[in-house]
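Asks: Output the structure for:
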Amino acid sequence: MRRHRKLLRALIGKAIEVTGHTDLALENLKFSGNAQRRHRNCLLFHGTFLVDFAIPRIEEFLHVPSRQPPYRQNRSHKSFFVQRERGPRQNQRILDENLAGHRTFGKGSR
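Replies: Reported below is the predicted structural model:
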């Protein structure tokens, strides 16, 4: 998460916080949710960036979670999320260019 935070801080020009366990936030508003699952011989890590998403409609699709990280402060989804300003292709290109050398999993990586 520190690598992502450093990269995104350079791109956005603002401080990015790692909040909760693996969320990324800009000015205390979540724009990236990430999770991981570890098992004896494997690791799954996935993440999302909110891009071109109808945040005012989010409450139609997601319930407010019963367990919340402290930084959420019981805020509604509309008050808790923010979108990145760049398009998804630009996000993907930037992440690929800057993180490609750090990929350690793939075919034959057991």
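
Asks: The residue nearest the centre of the chain in helix, strand or coil?
Replies: For the chain, the residue sitting closest to the mean C-alpha position, by Cα atoms, centre = their mean, is residue 32 at 2.1 Å. Classification of residue 32 by DSSP: H, G, I helix; E, B strand; the rest coil places it in strand.

Asks: And the helices in this structure?
Replies: 2-12, 58-61, 77-80, 88-99 (DSSP state H).

Asks: Now render these as a markdown table, adding mean neighbour count and distance to residue 19.
Replies: Quick note: C-beta positions are derived from backbone N, CA and C, even for glycine. Formatted as a markdown table, the helices of the chain follow (neighbours: other Cβ atoms under 10 Å; distance: least, Cβ to Cβ, whole Å):
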| stretch | mean neighbour count | distance to residue 19 |
| --- | --- | --- |
| helix 2-12 | 14 | 10 |
| helix 58-61 | 11 | 18 |
| helix 77-80 | 15 | 11 |
| helix 88-99 | 13 | 20 |
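
Asks: could you dump the ones you listed to a markdown table with mean pLDDT?
Replies: Shown next, in a markdown table, are these (pLDDT from 0 to 100):
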| stretch | mean pLDDT |
| --- | --- |
| helix 2-12 | 78 |
| helix 58-61 | 87 |
| helix 77-80 | 88 |
| helix 88-99 | 67 |
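
Asks: Any chance of JSON lines for the ones you listed, columns distance to residue 70?
Replies: Formatted as JSON lines, those follow (distance: least, Cβ to Cβ, whole Å):
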{"stretch": "helix 2-12", "distance to residue 70": "19"}
{"stretch": "helix 58-61", "distance to residue 70": "21"}
{"stretch": "helix 77-80", "distance to residue 70": "13"}
{"stretch": "helix 88-99", "distance to residue 70": "28"}
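
Asks: Out of those helices, the one nearest residue 48 is which?
Replies: helix 88-99 (10.8 Å; Cβ to Cβ).

Asks: Can you give the contact residues for stretch 10-18?
Replies: Contacts with stretch 10-18, where a contact means Cβ atoms under 8 Å, 6 or more residues apart in numbering, come from 1-2, 4-5, 8-9, 24-28, 84, 86, 94.

Asks: Kind regards, and thank you for your time.
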